[in-house]
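[1] below are the sequence and a predicted model; questions follow.
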Amino acid sequence: MRGDTFRSLPRIPTVIALAFLLGGLGATWFLIAQLRAADRIDASPVRVRGVVERVRETGKGGREVLVGYELAGRHFSDSGLPEAKMPEQLGAGDSLCLEAAGRHPGTVRLCGQRYPAGDDLPPTAILVMVGATAGMLCAAGFAVSELRVRRRGAAGPEPLAATSR
């Protein structure tokens, strides 16, 4: 492959393919982090009582819930728990059941959940990975196809075959 091949690729499809690639890599990283955190909790689960320290309203009707808990004589806080799985009327001082990793006390999830960010997010990450892969392959295929068309045009028209009559 010649060194100028990448530089001669059409810019827009290449940028689109790279954006899909980054999206797929981000979803993969998120999924791996969730699987590792779930494994850490499953290896040494400890049930703790979490106390809501702060509820802050975010845009479009959402909220951020900061939950604190004590484990091994230390205080930890987490705001990444799935808000949708928490009770609707939740305020400061309310308690929640949490499962923490005994060996990694900063890793926590709501009781009854499999993953710290919520059980709905890993399947969503898998769908994003599949969609990003498909989008990347389509954009890359279009870029390669466009490159071939440009190279044929630069070579000039193909000569007509001589026909004998």
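    Arrived safely.
[2] where does pLDDT dip in the protein?
    With pLDDT under 70 as the threshold, the chain has low-confidence stretches at 1-9, 154-165.
[3] for the lengthiest strand in it, buried residues please.
    Among the segments of the chain that qualify as a strand by DSSP state E, the longest is strand 45-57. Using 16 or more other C-beta atoms under 10 Å as the test for burial, strand 45-57 gives 46, 48, 50, 51, 52, 53, 55. Every residue, glycine included, has its C-beta placed from N, CA and C.
[4] what distance separates it from the centre of its chain?
    The chain centroid and the centroid of strand 45-57 are separated by 24 Å under C-alpha atoms, centre = their mean, to the nearest Å.
[5] just stretch 138-151 next, same as before
    28 Å.
[6] circling back: for the longest strand of the chain, packing partners?
    For strand 45-57, the packing partners by 3 or more C-beta pairs under 8 Å, 6 or more residues apart in numbering; DSSP states H and E come out as strand 63-71, strand 95-101.
[7] the protein: helices as residue ranges?
    11-43, 121-155 (DSSP state H).
[8] quick one: closest of the ones you listed to residue 115.
    Proximity to residue 115 (C-beta to C-beta) singles out helix 11-43 among the helices of the chain, at 4.6 Å.
[9] thinking again about what came up before, between the helices and strands packed on strand 45-57, which gets nearest to residue 89?
    Of all the helices and strands packed on strand 45-57, the one in closest proximity to residue 89, counting by C-beta to C-beta, is strand 63-71 (11.3 Å).
[10] given the closest one, what are its sheet partners and their directions?
    Strand pairing for strand 63-71, determined by DSSP bridges: strand 45-57 (antiparallel), strand 74-78 (antiparallel).
[11] in CSV, list the C-alpha atoms belonging to the first one.
    Written as CSV, here are the backbone C-alpha positions of strand 45-57 (Å, rounded to 0.1, in the frame of the first residue of the first chain):
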residue,chain,number,x,y,z
PRO,A,45,-20.1,-8.7,48.5
VAL,A,46,-20.9,-6.7,51.5
ARG,A,47,-24.4,-5.2,52.2
VAL,A,48,-24.2,-1.7,53.5
ARG,A,49,-26.8,1.0,54.3
GLY,A,50,-26.5,4.0,52.1
VAL,A,51,-27.8,7.4,53.1
VAL,A,52,-28.8,10.0,50.5
GLU,A,53,-26.6,13.0,51.1
ARG,A,54,-27.9,15.2,48.4
VAL,A,55,-30.5,15.2,45.6
ARG,A,56,-29.9,17.8,42.9
GLU,A,57,-32.3,18.4,40.0
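[12] cool, thanks, signing off.
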